[in-house]
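Student: with the sequence up front, the predicted model follows.
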Amino acid sequence: MLFKDFTPLLGDGAALRQVVDDVARRRQGTVDVVVGMEARGFIFGAAVAYALGVGFVPVRKAGKLPAGTIRADYTLEYATASLEVHRDAILPGQRVLVMDDVLATGGTAEATCRLVESCDAEVVAIEIVVEIDALRGRDRLAGRDVHTLLHV
Ligand SMILES: O=P(O)(O)OC[C@H]1O[C@H](OP(=O)(O)OP(=O)(O)O)[C@H](O)[C@@H]1O
Ligand SMILES: Nc1ncnc2[nH]cnc12
């Protein structure tokens, strides 16, 4: 699978603003917090949280967060990995927007949804900048509101 390089989009101020404003317009008033996944989900997630006027919660690769965490394992092509979030970062009942740059196999997004739901919070929607359709990541997110800006 070819690597989809996002750095030109990040370097283009008008394009970056268009992506962030589009997500913020769609989700305005519907979420209490944005969750973004390390590392590229931090860039878009934090910008969208700022635009919505809500907080941002980082989901990190295992072993990087300083306080008490909960963990979710997920599968990569030939291995497994783990994501973590601070156990008190997402409150029960909060409405959560999950934001990432790429949806490939869906493992990252699916594990993130599990983390949110372990906090008794609700995944209101998943916003993705680019979905790699051939990898069928969407199948792992069946029943969820998944919105993608671009399909490749
Ligand atoms: O749908 P999946 O198959 O789970 O792949 C998508 C994930 O892969 C990339 O992150 P990566 O784990 O490469 O980390 P990085 O953002 O730190 O480069 C991307 O930013 C997504 O988070
Ligand atoms: N092909 C790909 N390009 C960019 N980011 C990715 N994350 C997972 N697969 C990817």
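Tutor: Perfect, I can see it now. Remember, predicted model here, so these are calculated numbers, not experimental data. Numbers count the residues shown, from 1 in each chain. Ligands and ions are numbered 1, 2, ... in the order given.
Student: could you list the buried residues of the lengthiest helix in the chain?
Tutor: In the chain, taking DSSP state H as the definition, the longest helix is helix 13-27. Within helix 13-27, the residues scored as buried using 16 or more other C-beta atoms under 10 Å are 16, 19-20, 23-24, 27. For glycine as for every other residue, the C-beta is placed from the backbone atoms N, C-alpha and C.
Student: got it, and stretch 86-99?
Tutor: Of the residues in stretch 86-99, those buried by neighbour count under the rule 16+ other C-beta under 10 Å are 86, 89-90, 94-99.
Student: could you do stretch 65-76 as well?
Tutor: Residues of stretch 65-76 classed as buried: 65, 69-72, 74 (neighbour count, 16+ other C-beta under 10 Å).
Student: now the residue nearest the centre of the chain: closest residue in space that isn't a chain neighbour?
Tutor: In the chain, the residue lying closest to the centroid (C-alpha atoms, centre = their mean) is M99, at 2.9 Å. Nearest non-adjacent residue to M99, counting by C-beta to C-beta, 6 or more residues apart in numbering: G45, 4.0 Å away.
Student: near the one you found, how many other residues are there?
Tutor: Here the number of neighbours of G45 (other C-beta atoms under 10 Å) works out to 26.
Student: okay if I get the buried residues of stretch 86-99 as TSV plus pLDDT, distance to ligand 2 and secondary structure?
Tutor: Converted to TSV, these look like this (pLDDT from 0 to 100; distance: C-beta to the nearest ligand atom, whole Å; DSSP: H, G, I helix; E, B strand; the rest coil):
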residue	pLDDT	distance to ligand 2	secondary structure
H86	98	24	strand
A89	98	24	coil
I90	98	24	coil
Q94	98	27	coil
R95	98	26	strand
V96	99	21	strand
L97	99	20	strand
V98	99	15	strand
M99	98	14	strand
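Student: name the nearest residue to Q28, ignoring sequence neighbours.
Tutor: In space, and not counting its chain neighbours, Q28 is closest to L52: 6.4 Å by C-beta to C-beta, 6+ apart.
Student: would you agree that neighbour is in contact with R27?
Tutor: Yes. Counting by C-beta atoms under 8 Å, L52 touches R27, with 6.4 Å between them.
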